[in-house]
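S.K.: How does the following fold in three dimensions:
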Amino acid sequence: MGNHEAPPPPPRRKFIPLAWIGSLVAVVLLALGVGGSLSAWTASITNTTDTAGTGSLVMEEDGPGGTPVCLSNDSTATCTTINKYGGNLSMVPGQTVTTAITIRNTGTVAASTFTLAAAACTQTPPAAPVGPPIVGNLCAQMQLVITGSTAPTALFTGTPAGLNAGGTINLTQPLAGGSSEVVTFAVTLPSATDSTFEGITLSQALTWTFTS
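M.R.: Numbers count the residues shown, from 1 in each chain. Predicted structure coming up:
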């Protein structure tokens, strides 16, 4: 008999464990999640009105009848068009001249203080108590009364010289933006004024001030 070789055995099948398959699936799902293929809920708010700024403190002075107008323009201003003492240069004994003006806060910030201060009173010709000629001190003779629209009593009663010596007058406090105060000045030449006061002109600067 001849020699016959036995046929080779069939190849063995390879089996992949189920645990490996599960791990592979988990890796695929994780990759999908990181890559954005899977969606998630979100919530957000955007604020579009985040602003800050500064207010303004502006003073307006209106003369008798509402005109003329002087405006501080957020700073200081010199007003030569409104005469608080009336501007009558021909007063006689016993005469009173009254002038009402309006101070407004036209800014957006409230004025926590509102004051009036007077400079020294001067006159022409200067006072000369000994002569000749004798010239009276009109700054200490003319009577002045200042009242406010919200003040229960007069803000000041005295003379222009006394107004300067008395210091600052406090008016309405506070004065909110858009609010106003009417202030009246009454100057009177006393009835007993003698001829030594003839032909004299007095002058005095007055300063209004707001502070926030």
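
S.K.: isn't Met59 right next to Ser72, touching?
M.R.: Yes: Met59 is within contact range of Ser72, at 4.1 Å (criterion: Cβ atoms under 8 Å). All C-beta spots, glycine's among them, are computed from the backbone N, C-alpha and C.

S.K.: tell me, what's touching those two both at once?
M.R.: Common neighbours of Met59 and Ser72, counting by Cβ atoms under 8 Å, 6 or more residues apart in numbering, are Phe210.

S.K.: who has more neighbours, the two?
M.R.: Met59 (23 against 18; other Cβ atoms under 10 Å).

S.K.: Contact partners for that one?
M.R.: By Cβ under 8 Å, 6+ apart, the neighbours of Met59 are Leu71, Ser72, Ile103, Arg104, Asn105, Thr106, Gly107, Trp208, Phe210.

S.K.: Separate out the buried members of those residues.
M.R.: Burial by neighbour count, judged by 16 or more other Cβ atoms under 10 Å, picks out Ser72, Ile103, Arg104, Asn105, Gly107, Trp208, Phe210 from the contacts of Met59.

S.K.: Can you mark which positions in stretch 122-131 are buried?
M.R.: By 16+ other Cβ under 10 Å, the buried positions in stretch 122-131 come out as Gln123, Ala127.

S.K.: All the helices of the chain, in order from the start?
M.R.: Along the chain, the segments classed as helices by DSSP state H run 18-34, 160-165.

S.K.: rank the ones you listed by mean pLDDT and give me the bottom one.
M.R.: Mean pLDDT per stretch puts helix 18-34 lowest among the helices of the chain, at a mean of 50.

S.K.: Which strand residues bridge the nearest residue to Val145 once chain neighbours are set aside?
M.R.: Leaving aside its chain neighbours, Val145 sits nearest to Ala186 (4.6 Å; criterion: Cβ to Cβ, 6 or more residues apart in numbering). With DSSP bridges as the criterion, Ala186 is bridged to Thr98, Val145.
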